[in-house]
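Q: can't give you the sequence, but here's the structure:
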């Protein structure tokens, strides 16, 4: 592989740097034969989509060929690290492709029968099965497990929790004992106390957070991935739920208050990371829009970009721009810290390979 050289202002420190790239890693030592591929703009660690579904499409699980196309679309948007938040197919073979983003998998969603999108989760007939199912997914994944925390209960006609508080304590402990963190899909309010008090590590969406929940999340160190561009679908979901008027109103109310609630979480100091929920209702390659949405709820352009780059990488235990780290960079001719999002990178370097 040809050695490369980049000269730019590096984020987050805003320092002028020269980096050389050989054998897929960054080097601070000059390489005489290196080809300069970027000179004079801005570089940041490769972007992160912390809630993304490679292998999930509008109609459920995709083929591997479609999953590869999704990953290539993410790469074009600058996403070089993905926390996969649950898919129904095995995408491990994509790890053999050095030209595709790295995927940190959460295994398959865990839910109760008829309490999530059909065909996507592992449905547990009895909640007592949850701790062992969590342990199994923890062993099969890459350090994360995904629960469905709430969903519409058609008998109730509204969002309702799937699990009792007691079984959540046991299940999350089982994940932690197997070296995994746990995250959960939660739209409403009622499921949050049990999940957070049980020690869950992250909440997805989180439109039901209140001041009391924010205080509890701070006490427990719980992170939030709000998937703001997916929350924009709530009015449409409500429109299609005419048989369940209480649920429809609840979804509209959650949407109406979401910006203020998530903004309050940011203001209080809850760690927030960028995730698009791509796959299904959300097209891949929209991380720039999610960064812009984080800016609109009160994050500075610098912090919003960090939530999809250097801060998210640290949270996921992955390196940024440093000597010996994988050469995963996004390069921009203009400062990418803009209220409208960074846009598409002018150059992407993944594993030491340049993509335009």
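A: Okay, I see it. Predicted model, so just to flag it, every value in this text is computed and none were measured.

Q: list the contacts for residue 208?
A: With contacts defined as CB atoms under 8 Å, 6 or more residues apart in numbering, residue 208 is in contact with 186, 187, 188, 189, 190, 191, 192, 254, 261. Bear in mind the C-beta positions are built from the backbone N, C-alpha and C, glycine included.

Q: just the element for it, please.
A: If you go by DSSP states H and E, residue 208 is not part of any helix or strand.

Q: quick check: closest non-adjacent residue to it.
A: Spatial nearest neighbour of residue 208, excluding adjacent residues (CB to CB, 6 or more residues apart in numbering): residue 189 at 3.7 Å.

Q: hmm, the one you found is touching residue 210, no?
A: Yes: with contacts counted by CB atoms under 8 Å, residue 189 reaches residue 210, the gap being 6.5 Å.

Q: would you map the helices across the stretch 101-250 of the chain?
A: With DSSP state H, counting those that start in this stretch as the criterion, the stretch 101-250 of the chain has helices at 130-140, 165-177, 192-197, 211-220, 228-231, 234-239, 245-268.

Q: now the fourth one and helix 245-268, what's the angle there?
A: This points to helix 211-220. Helix 211-220 runs at 50 degrees relative to helix 245-268, counting by axes from the mean of the first three to the mean of the last three CA atoms, to 10 degrees.

Q: pull out the buried positions in helix 211-220.
A: Buried positions in helix 211-220, judged by neighbour count with 16 or more other CB atoms under 10 Å: 213, 214, 216, 217.

Q: neighbouring contacts of that helix?
A: By CB under 8 Å, 6+ apart, the residues outside helix 211-220 that reach it are 189, 192-193, 196-197, 199-200, 203, 209, 222, 224, 264-265, 268-270.

Q: what residue is smack in the middle of this structure?
A: residue 50 (1.5 Å; CA atoms, centre = their mean).

Q: would you list the phi and psi of that one?
A: When read as degrees, to the nearest 10, the backbone of residue 50 gives phi -90, psi 0.

Q: surely it is in contact with residue 272?
A: No: the pair residue 50 / residue 272 is not scored as a contact, 9.6 Å apart, by CB under 8 Å.

Q: overlap in contacts, these two.
A: residue 225.

Q: residue 197 and residue 169, how far apart?
A: Relative to residue 169, residue 197 is positioned 8 Å away (CB to CB, to the nearest Å).
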